[in-house]
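**Q** I'll drop the sequence and a predicted model, then ask my questions.
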Amino acid sequence: MSTVEQFLDLNSRKIWSLKPENRVIDSLFLMAEKNISCILIMNQEHLAGIFSERDYARKVVIKGKNSTETLLKEVMTDKLITISPKTGLDECMQLMTDHRIRHLPIVDNNKVVGLISIGDVVREMLVQQKVQIDELQRYISG
């Protein structure tokens, strides 16, 4: 597997999202309930931003904001880096490393089709490496 599209074919997951007008506490409850570390912020079908545990720590807790009063649109990350299903996993890893981010929304024809995390990318790259090592060992041993 070398593309995001192949990853999506094998790993279909629900996309969890809230609206920019939702409160931070809403996102915390959703992330805790679903055991996820970020949610997409959607304006109907349009991707408006992303809100992660890191955003919560840096933009809410450290700044002394109230989770029950602060709206997601006030603290979400809105300068997003997105990828297409045709993006290679190695490119995903490079983008995440260069921009120090842990999640990439997957967008196809202006529609969000998924989300990939650094853990997903590392896991898939390790699988690929194991397959290559096994093939090389079989080749060497004849």
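**A** Yes, it's here.
**Q** list the neighbouring strands of the one helix or strand residue 112 maps to plus their orientation.
**A** Element membership for residue 112, per DSSP states H and E: strand 111-117. Here strand 111-117 is paired, per DSSP bridges, with strand 103-108 (antiparallel).
**Q** export the strand it pairs with as CSV, just CAs?
**A** Provided in CSV are the C-alpha atoms of strand 103-108 (Å, rounded to 0.1, in the frame of the first residue of the first chain):
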residue,chain,number,x,y,z
HIS,A,103,-3.5,14.7,11.2
LEU,A,104,-4.2,15.3,7.5
PRO,A,105,-7.8,15.7,6.2
ILE,A,106,-8.3,13.8,3.0
VAL,A,107,-10.2,15.9,0.4
ASP,A,108,-11.5,14.7,-3.0
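**Q** mind checking how far it is from the chain centre?
**A** 7 Å (C-alpha atoms, centre = their mean, to the nearest Å).
**Q** just stretch 18-35 next, same as before
**A** 15 Å.
**Q** can you show me the strands along this protein?
**A** 17-18, 38-43, 46-52, 103-108, 111-117 (DSSP state E).
**Q** give me the buried stretch members for stretch 34-52, please.
**A** Judged by neighbour count using 16 or more other C-beta atoms under 10 Å, the buried positions of stretch 34-52 are 36, 38-42, 47-52. Placement of C-beta: from N, CA and C, glycine included.
**Q** any chance of those residues in JSON lines with pLDDT and distance to residue 139 as columns?
**A** Shown next, in JSON lines, are those (pLDDT from 0 to 100; distance: C-beta to C-beta, whole Å):
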{"residue": "36", "pLDDT": "94", "distance to residue 139": "41"}
{"residue": "38", "pLDDT": "96", "distance to residue 139": "41"}
{"residue": "39", "pLDDT": "97", "distance to residue 139": "45"}
{"residue": "40", "pLDDT": "98", "distance to residue 139": "43"}
{"residue": "41", "pLDDT": "98", "distance to residue 139": "48"}
{"residue": "42", "pLDDT": "97", "distance to residue 139": "48"}
{"residue": "47", "pLDDT": "97", "distance to residue 139": "44"}
{"residue": "48", "pLDDT": "97", "distance to residue 139": "50"}
{"residue": "49", "pLDDT": "97", "distance to residue 139": "48"}
{"residue": "50", "pLDDT": "98", "distance to residue 139": "43"}
{"residue": "51", "pLDDT": "98", "distance to residue 139": "47"}
{"residue": "52", "pLDDT": "97", "distance to residue 139": "43"}
